[in-house]
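1. predicted coordinates and the sequence they were generated for:
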Amino acid sequence: MKIRNRITLWVSLAGLASTVVLSLIVFFWGLETPYEFLDQELEIRAHTLANELEREQAAKISVADGTMESFSHLYWARIYNAQGQPVFTSQLAREIEMPLKRGDTGYLIRTDIPLNRFYTEEDDQPTAFWNRVFTVSAGGVPYQVHVARPVENLVGESIESALMIGSALLASALILIVVSYQVAGRILHPVREINRLTAEITAKTLATRLPLAGNRDEIDELAASLNEMFNRLHFSFRRQREFVANASHELKTPITLLRLSMEEMLQDEQLPLSLQEKLLAQERALARISQLVKSLLDLSRLEMTESLEKEPFSLNDLIASVAEEFQPLMQEQTLRFTSRINGPLPVHADREKIRRMLINLLDNAIRYNQPEGEICCRAGVDEGKVTIVLANTGPGIDRNEQSRIFDQFYRCEKSRATVHGGSGLGLTIVKRIVELHGGTITVESDSSAWTTFTVVFPSALHV
């Protein structure tokens with residue numbers, strides 16, 4: 001599960017839990033409050049009846065003839081003396097019988113009497129009576145006053161309240177999910193941006209750094225830590241490239257001197273044949289080492305440079321010039337070269353680097369070809385972009401190896417590559433030159449047909 005979804009889930013659950021607790025408190029408080037008010041009202045009514053009873057007894061007025069009935073209007077009331085005999089019964093109490101339950105808590109008795117009998121603005125739903133029994137004193141004599149009041153169906157109202165609270169909880173849950181999802185998105189936006197920028201930083205763009213917001217929060221600290229890591233990586237990469245470049249440069253001179261010495265020794269006609277063969281083998285090994293050092297030096301220079309010496313020139317003329325240089329070698333191996341080049345195709349690029357790219361591609365096409373094979377080259381503008389296609393017959397490249405042939409020192413079929421020579425850096429140099437010009441290079445190969453390299457440069461190169 002993504003962090004954003006986890007944040008949304010936990011925030012929603014926490015908010016929903018707190019809302020549920022608050023709603024339950026309000027709900028149960030809402031259930032108790034009406035009964036508390038009713039208890040207070042009934043207690044006041046009980047004391048009123050007791051006071052009126054005391055007044056009538058003092059005036060020696062019969063309860064039946066007094067005003068007790070007016071004080072019990074709309075109330076169910078019955079007063080018991082110390083012996084448990086009723087001394088007053090209201091009109092409503094004479095019509096309806098209510099059980100007497102002594103205690104400090106009230107109780108609800110449901111009836112079939114319609115509520116609009118007591119309250120004209122109400123409907124005809126059944127009436128319930130809330131009962132309380134109080135012990136009060138009238139003239140120093142204790143009495144038990146059983147009093148009740150008709151109320152509407154509080155259970156139904158409680159159900160309605162519960163439904164309303166449930167609906168509110170559902171709505172609040174949806175709002176919490178939406179709001180927390182948006183908030184989580186805003187919180188994680190800098191992290192996504194850091195992830196995007198980090199993914200764009202490669203060995204070629206290690207100088208790029210993540211921007212800091214300047215608010216000194218945890219995300220800023222993460223970006224700063226990543227920048228420090230990139231600084232260390234960049235330094236290490238530069239030291240590695242400088243070491244390769246310096247080592248290649250230092251090796252170039254002694255290898256050249258060794259080759260010259262070998263050539264001078266081979267010119268001695270008095271050398272025994274066995275020694276000549278050994279010297280020739282060593283000379284060929286030195287030639288391969290010299291080629292490797294030269295390729296390493298070229299690759300180091302390409303990796304350390306970010307600028308190009310661009311100039312206008314004809315791409316097709318350059319291709320024809322490079323092909324002409326390789327013509328003797330192609331004739332020696334009985335290879336047929338065909339080209340589809342129409343017009344000069346003017347471009348604005350680094351001529352020497354494009355030349356080196358073409359040399360490496362054509363050299364590979366000759367090395368890894370078959371006797372009496374073919375090489376086909378074409379260049380042109382396709383959909384506004386400059387395209388160079390070089391194809392050759394030969395053993396082909398396995399599909400699993402096609403994505404790795406541009407890696408440094410990688411060779412397909414190591415034994416065959418050793419026979420043909422090469423350093424394993426030619427295509428790596430080609431790819432770097434293409435990338436410096438903002439282009440792309442792809443390969444398609446079939447073991448029984450053609451191997452095709454396609455180089456595509458952006459339209460900006462076309463003059």
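-> Nice, thanks for sending it over.
2. and for Ala320, the neighbour number?
-> 14 (other C-beta atoms under 10 Å). For the C-beta atoms, the positions are set from N, CA and C on the backbone; glycine is no exception.
3. could you do the one 4 residues further on as well?
-> Here the neighbour count serves as a burial measure; for Glu324 (other C-beta under 10 Å) it reads 10.
4. could you pull out the helices for the stretch 301-450 of the chain?
-> For the stretch 301-450 of the chain, helices defined by DSSP state H, counting those that start in this stretch occupy the ranges 315-325, 327-332, 351-367, 414-420, 426-436.
5. what about the fourth one, average pLDDT?
-> What it means is helix 414-420. In this model, helix 414-420 has a mean pLDDT of 47.
6. who's in contact with the strand or helix carrying Ala148?
-> In this structure, Ala148 sits in strand 141-151 according to DSSP states H and E. With contact meaning C-beta atoms under 8 Å, 6 or more residues apart in numbering, strand 141-151 is reached by 34, 38, 41-42, 45-46, 49-50, 53, 74-82, 84, 87, 98, 100, 102, 108-109, 113, 115, 118-119, 127-137.
7. repeat for stretch 253-260
-> Contacts for stretch 253-260 (C-beta under 8 Å, 6+ apart): Glu283, Leu286, Ala287, Ile289, Ser290, Val293.
8. swap the cut-off to 6 Å and go again
-> For stretch 253-260, contacts defined as C-beta atoms under 6 Å, 6 or more residues apart in numbering pick out Leu286, Ile289, Ser290.
9. how about the contacts made by the last one?
-> Shown here is Ser290, whose contacts under the criterion C-beta under 6 Å, 6+ apart are Ile255.
10. what helix or strand is it on?
-> helix 273-304.
11. if Val389 is in a bridge, with which residues?
-> Beta bridges link Val389 to Arg378, Thr454 when assigned by DSSP bridges.
12. give me phi/psi at the closest residue to Ser295 other than its chain neighbours?
-> Nearest non-adjacent residue to Ser295, counting by C-beta to C-beta, 6 or more residues apart in numbering: Leu425, 4.1 Å away. Taking degrees, to the nearest 10, you get phi -120, psi -10 for the backbone angles of Leu425.
13. on that earlier part again, which ones among the contacts of strand 141-151 map onto strands?
-> 76-80, 87, 108-109, 113, 127-137 (DSSP state E).
14. ChimeraX command to pick out the buried ones of these?
-> This is how ChimeraX selects the buried members of the ones in strands among the contacts of strand 141-151, with burial counted by 16 or more other C-beta atoms under 10 Å:
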select :76,77,78,79,80,87,109,113,127,128,129,130,131,132,133,134,136
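15. phi and psi next, for Phe235.
-> Torsion angles, degrees, to the nearest 10, at Phe235: phi -60, psi -40.
16. and the pLDDT at it?
-> The model's pLDDT for Phe235 equals 77.
17. quick one: the residue located most distally from the centre of the chain from His47, how far?
-> Going by C-alpha atoms, centre = their mean, the residue of the chain most distant from its centre is Lys60, 90.0 Å out. Counting by C-beta to C-beta, to the nearest Å, the gap from Lys60 to His47 is 22 Å.
18. hang on, the earlier thing: helices or strands up against the next helix or strand after the strand holding Ala148?
-> Using DSSP H and E, the helix or strand that directly follows strand 141-151 along the chain is helix 154-200. The elements that helix 154-200 packs onto, with contact taken as 3 or more C-beta pairs under 6 Å, 6 or more residues apart in numbering; DSSP states H and E, are helix 3-58.
19. go ahead and measure how far the helix it packs on is from the middle of the chain.
-> Centroid separation for helix 3-58 versus its chain: 46 Å, with C-alpha atoms, centre = their mean, to the nearest Å.
20. likewise for stretch 134-150?
-> Using C-alpha atoms, centre = their mean, the offset of stretch 134-150 from its chain centre is 72 Å.
21. now do the same end-to-end measure for that stretch.
-> 18 Å (C-alpha to C-alpha, to the nearest Å).
22. buried residues in that stretch?
-> Phe134, Val136, Ala138, Tyr143, Gln144, Val145, His146, Val147, Ala148, Arg149, Pro150.
23. stretch 345-354 now?
-> Leu345, Val347, Ala349, Asp350, Arg351, Lys353, Ile354.
24. what's the answer for stretch 52-62, then?
-> Glu52, Leu53, Glu54, Glu56, Gln57.
25. quick one on the thing from earlier: can you list the strands that the strand holding Ala148 pairs with?
-> strand 76-80 (antiparallel), strand 126-138 (antiparallel).
26. now the first one: average pLDDT?
-> Going back to what we said before, that points to strand 76-80. pLDDT averaged over strand 76-80 gives 92.
27. same question, the last one
-> The average pLDDT within strand 126-138 is 90.
28. also stretch 338-351?
-> 84.
29. and what of stretch 143-162?
-> On average, stretch 143-162 scores 76.
30. then stretch 291-305?
-> 70.
31. tell me the SS of Leu222?
-> helix (DSSP: H, G, I helix; E, B strand; the rest coil).
32. so how far is Phe230 from the residue nearest to it when sequence neighbours are not counted?
-> Excluding its sequence neighbours, the residue lying closest to Leu222 (C-beta to C-beta, 6+ apart) is Ile194, at 6.7 Å. The gap separating Ile194 from Phe230 is 12 Å, by C-beta to C-beta.
33. how about Met330?
-> Distance from Met330 to Phe230, by C-beta to C-beta: 47 Å.
34. just Gln282 next, same as before
-> 45 Å.
35. what of Glu41?
-> For Glu41 relative to Phe230 (C-beta to C-beta), the value is 77 Å.
36. specify which residue of the two has the higher count of neighbours.
-> Neighbours per residue, other C-beta under 10 Å: of Glu41 and Phe230, the larger number sits with Phe230, 18 against 15.
37. give the contact list for Arg340.
-> Arg378.
38. and if we set it to 8 Å?
-> Cys376, Cys377, Arg378, Gly380.
39. what's the separation between the first one and Leu335?
-> Using C-beta to C-beta, we find Cys376 at a distance of 11 Å from Leu335.
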